[in-house]
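Q: Structure for the following, please:
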Amino acid sequence: MNTAFIARKITLSDSFKEKAEQRLKKLDRFFDDPRVQVVVSTQKETATVELTLWADGMIYRAEKQDTDKLEALDDALDTLIRRIRKNKTKLQKKVKASAFEVPEDTYEEDPLDVIRTKEVELRPMTAEEAILQMNLLGHSFFVYEDAATGAVNVVYRRSEDGYGLIVPKK
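A: A predicted model of the protein is given here:
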């Protein structure tokens, strides 16, 4: 497993990194060679741990907060494993391994207060595949290219139950 640690407003001890790597070994039973990024940040008395996993062309993400960073890591890891298990059969049936690539984030200041710009490579997929990827990332919306029409569509989680689909009108 390839693990990268990023610390924001905190210094991570070697013992924390070793314990984290031990706990992250649980992911080896799901994937052959996963790449994991662990981002730890603090604000006042709260530690936030973000786990991002890249494996088999898919991206999985979980974020948790706690007063103890190891507890937050355990909670985030449990959430990640639960998402992987929940969507395992859907992944095997509907999603091709090469459907997604790791997006590269770019940060830039702009006079219009654009705080972050994110470039993603759009891959053709169905609305179901886009909803699955959105759920795996833990986001509230997902932009994708519709496989049938080639148009850029957006799926989103509605505040009530279910999902919404935004299709451009020409």
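Q: Which parts of the chain are helices?
A: Assigned helices in the chain, in chain order: 14-24, 69-94, 127-137 (criterion: DSSP state H).
Q: Return the most buried member of those helices.
A: When neighbours are counted by mean count of other C-beta atoms under 10 Å, the highest per-stretch mean among those falls to helix 127-137, a mean of 20. C-beta here means a position set from N, CA and C on the backbone, and glycine is covered the same way.
Q: domain assignment for the chain?
A: The record, using automatic domain parsing to delimit domains, assigns the chain the ranges 2-94, 104-166.
Q: Serialize those domains to a markdown table and add fields for mean pLDDT.
A: Supplementary listing: those in a markdown table, determined by pLDDT from 0 to 100:
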| stretch | mean pLDDT |
| --- | --- |
| domain 2-94 | 88 |
| domain 104-166 | 82 |
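Q: Report the beta-bridge partner residues of the residue most central in space within the chain.
A: Within the chain, the residue whose C-alpha comes closest to the C-alpha centroid is Arg61; the distance, by C-alpha atoms, centre = their mean, is 2.8 Å. Applying DSSP bridges to Arg61 yields these beta-bridge partners: Thr52.
Q: can you pull the contacts of Val40?
A: The neighbourhood of Val40, defined by C-beta atoms under 8 Å, 6 or more residues apart in numbering, consists of Phe5, Ile6, Ala7, Arg8, Ile10, Leu12, Phe16, Ala47, Thr48, Val49, Lys69, Leu73.
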